[in-house]
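J.: everything below, folded, please.
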Amino acid sequence: MKQDSLAQAVSISLVKKTLDSSKEDSQNLIKMMELSTNPNLGSNLDVKA
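T.: Below you'll find the model as predicted:
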């Protein structure tokens, strides 16, 4: 019985960790998409010798 409880607790913990990781990845993706809204930003580089 205790093994079943432990297995269930581990499974729940793993699912929570996976959800947290997915949420963080989603937030990072949204941030990257927001930064890419200006397609000309960073396309030119002025070099003076």
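J.: which residue lies nearest the spatial centre of this structure?
T.: Centroid-nearest residue in the chain, with Cα atoms, centre = their mean: Asp25, separated by 1.1 Å.
J.: state the distance from that one to Leu14.
T.: Taking Cβ to Cβ, to the nearest Å as the measure, Asp25 falls 16 Å from Leu14. Using the backbone N, CA and C atoms, a C-beta is placed for each residue, glycine as well.
J.: equivalent analysis for Val47, please.
T.: For Val47, the distance to Leu14 - Cβ to Cβ - is 50 Å.
J.: quick one, which of those two is more surrounded?
T.: Neighbour count, other Cβ atoms under 10 Å: between Val47 and Leu14, Leu14 has more, with 10 against 4.
J.: now name the helix or strand holding the more buried one.
T.: Assessed by DSSP states H and E, Leu14 sits inside helix 2-35.
J.: now Lys48
T.: Going by DSSP H and E, Lys48 is not in any helix or strand.
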